[in-house]
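In: sharing a model that was predicted from the sequence below.
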Amino acid sequence: MDAAMELSWGARCAGLLFFGSSIFLVALAAVLLLLRRWPWCSCHVCRAYLTGSWARDFTNLGDWYAHLLRQSPTATVHIHVLGCTVTANPGNVEYMLKTNFDNFPKGKQFAALLGDLLGGGIFNVDGDAWRHQRKMASLELGSVTVRSYAYKIVAQEVETRLMPLLTDVADKGTVVDLQDVFRRFAFDTICKISFGLDPGCLEADMPMSDLADAFDTASRLSAMRGAAASPLVWKMKRMLNIGSERELKKAIKLVDDLAAAMILQRRKLGFENSHDLLSRFMASDGDVHAMDDKYLRDIVVSFLLAGRDTVASALTTLFIHLSQNPEVAAAIRAEAAAGDKTSTNGYEHLKSLQYTHAVLYENMRLFPPVQFDSKFCAAADVLPDGTYVEGESRVMYHPYAMGRMPTIWGADYEAFRPDRWLTGPGGSFAPASLYKYPVFQGGLRVCLGKELAITEMKAVSVAMVRAFDVEVVGDNGRSGCAPKFVPGLTASIRGGLPVRIRRVSTTNSDFR
């Protein structure tokens, strides 16, 4: 008995010693961080970041960055406390994404930040692993069969779920969170396209998928790591399994479990003759990873990140702009109606809508779904604007700020003006340089799902605009009120987007 008590007492002492040592290490890390950064960097930018005083004058961190970059002669600034160079200079963006691509990888630091969630997926790797996944994804997403399969799913989801749901909301006169609706729609759609499985998040009773909920939490908490003044902060919390890192660990465990169940179910259903992307990856000849569960898990998470949150974010902010600019919604309606007379093919009809295309691009100029993207400078370099970048330091280009630069878009950069894109022959849509408008990235990492995303957004926006008027009723996005975004890997509006939906007097929402 005495021996047992002594053993128990020893275990307690060891536990207390470990806990005390851990607390000491955290405190030491904080002190070292302050000694390293605070006294030696007294610039107003770093103090504003550390104290959060920027929030007194700006709604979002991105708005503050845009302000700093507009003030900079080179459209580039240093955030010393983060060890980060931030740029909105198109020449710098082209240099990073194309000209000197190999010197600006994602890097080990980025991989560490998002590694628990994204694993070895395409968005989190460099070198041969990235090239292999890029090649595979390019072959599949470029396939006519996959594009046709994806379009049919989008059209069916809009017609049989989204429109009936919104019609019911309109008839009842209730207020609905449009961001939540779009996230559910996009989740159902990407799961069908990518995995051949239907979570049914837009069914009448609006069930929420456990995977979607866990993925949201994991995405938000992973992004918080990058906002920390030092990686020591989140690494210590992870080691001690406390706070946000404890919550993140639980969320990722659920993502892992549900992804594994999804892969198992796909195998049971068979994948040899299926057109969904996961099945095509599984069936790839000569791919040594095709049956590796960890590899497939990372593919699942990458598809969710690429195809769900980005589309939902862009659609949400689009209807903020349409609510503020009813004449633009009327023009979309008129263009779609005119196209009915000349096209019998739904996919070709959507492709022909030049003004609608311009509206989508103008919306994403001001509210890109991915507001910033980080690279790491492998070896010391000098950017085209003359900015020196140390080796192994972080470099960020900022699409949100770039959409607010008068040097790129002119004095009316704040105005929502879709016709700025209609400068092609006969007033057709003409894209800007990917390095002035890096919403879909550019260079070797340009988004492979760009065409699919645009088609999905067109299908939703045309169907909704032809059938409904959408009025924003909350503070987020009403005229004169900028939406407030939650920190995350993709732009998400804090508090959602409450709207009231009304039927238009005459409509033909059949876009197939």
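Out: Arrived safely. Residues are numbered from 1 along each chain as shown.
In: domains of the protein?
Out: As recorded under automatic domain parsing, the domains making up the chain are 1-40, 104-368+403-503.
In: start to end distance for the longest one?
Out: Distance between the two ends of domain 104-368+403-503: 50 Å, counting by C-alpha to C-alpha, to the nearest Å.
In: cool, and stretch 258-277?
Out: Note: stretch 258-277 ends 18 Å apart using C-alpha to C-alpha.
In: and the strands in the stretch 401-512 of the chain?
Out: In the stretch 401-512 of the chain, the segments counted as strands under DSSP state E, counting those that start in this stretch are 468-472, 485-486, 492-493, 498-503.
In: pLDDT below threshold where in the chain?
Out: The chain contains residues with pLDDT under 70 at 1-40, 204, 206-208, 229, 285-291, 340-344, 477-480, 506-512.
In: okay, now Lys484: neighbour count?
Out: Neighbour count for Lys484, taken as other C-beta atoms under 10 Å: 14. To be clear about C-beta, it is placed using only N, CA and C from the backbone, and glycine gets the same treatment.
In: apologies, that question was intended for Arg494.
Out: Neighbours of Arg494 under the rule other C-beta under 10 Å: 12.
In: quick one: residues contacting it.
Out: Neighbouring residues of Arg494 by C-beta atoms under 8 Å, 6 or more residues apart in numbering: Asn476, Pro483, Lys484, Phe485, Val486.
In: is it correct that the third one is in contact with Leu61?
Out: No: between Lys484 and Leu61 no contact is recorded; they are 10.4 Å apart, counting by C-beta atoms under 8 Å.
In: quote the end-to-end distance of stretch 417-435.
Out: Using C-alpha to C-alpha, the two ends of stretch 417-435 sit 20 Å apart.
In: do the same with stretch 158-165
Out: Terminal residues of stretch 158-165 lie 10 Å apart, using C-alpha to C-alpha.
In: list the buried residues for that stretch?
Out: By neighbour count on 16 or more other C-beta atoms under 10 Å, the buried set for stretch 158-165 is Val158, Glu159, Arg161, Leu162, Met163, Leu165.
In: among these, which pair sits farthest apart?
Out: Greatest spacing in those, by C-beta to C-beta: Glu159 and Leu165 (11.4 Å).
In: my read is that Gly474 contacts Arg500, right?
Out: No: contact criterion C-beta under 8 Å: Gly474 and Arg500 do not qualify, at 10.3 Å.
In: hmm, back to that, Asp210: which of the strands of the stretch 401-512 of the chain is closest?
Out: Between the strands of the stretch 401-512 of the chain, strand 492-493 lies closest to Asp210; by C-beta to C-beta that is 18.7 Å.
In: pull up the pairing partners for the closest one, direction included.
Out: strand 485-486 (antiparallel) (DSSP bridges).
In: and the strand it pairs with, how far out from the chain middle?
Out: Put simply, strand 485-486 sits 12 Å off its chain's centre (C-alpha atoms, centre = their mean, to the nearest Å).
In: give me the residues contacting that strand.
Out: Asn60, Gly62, Arg220, Gln371, Ala491, Ser492, Ile493, Arg494.
In: mark which of the residues you listed are buried, thanks.
Out: Asn60, Gly62, Arg220, Gln371, Ala491, Ser492, Ile493.
In: and which of these is nearest Phe468?
Out: Ile493 (19.7 Å).
In: for whichever strand or helix holds Glu348, what is the distance to the chain centroid?
Out: Element membership of Glu348 [criterion: DSSP states H and E] is helix 346-351. Taking C-alpha atoms, centre = their mean, one finds helix 346-351 lying 26 Å from the centre of the chain it belongs to.
In: list the helices and strands it packs on?
Out: Applying 3 or more C-beta pairs under 8 Å, 6 or more residues apart in numbering; DSSP states H and E, we find helix 346-351 packed against helix 144-157, helix 450-467.
In: and it, which residues are buried?
Out: By 16+ other C-beta under 10 Å, the buried positions in helix 346-351 come out as Gly346, Tyr347, His349, Leu350, Lys351.
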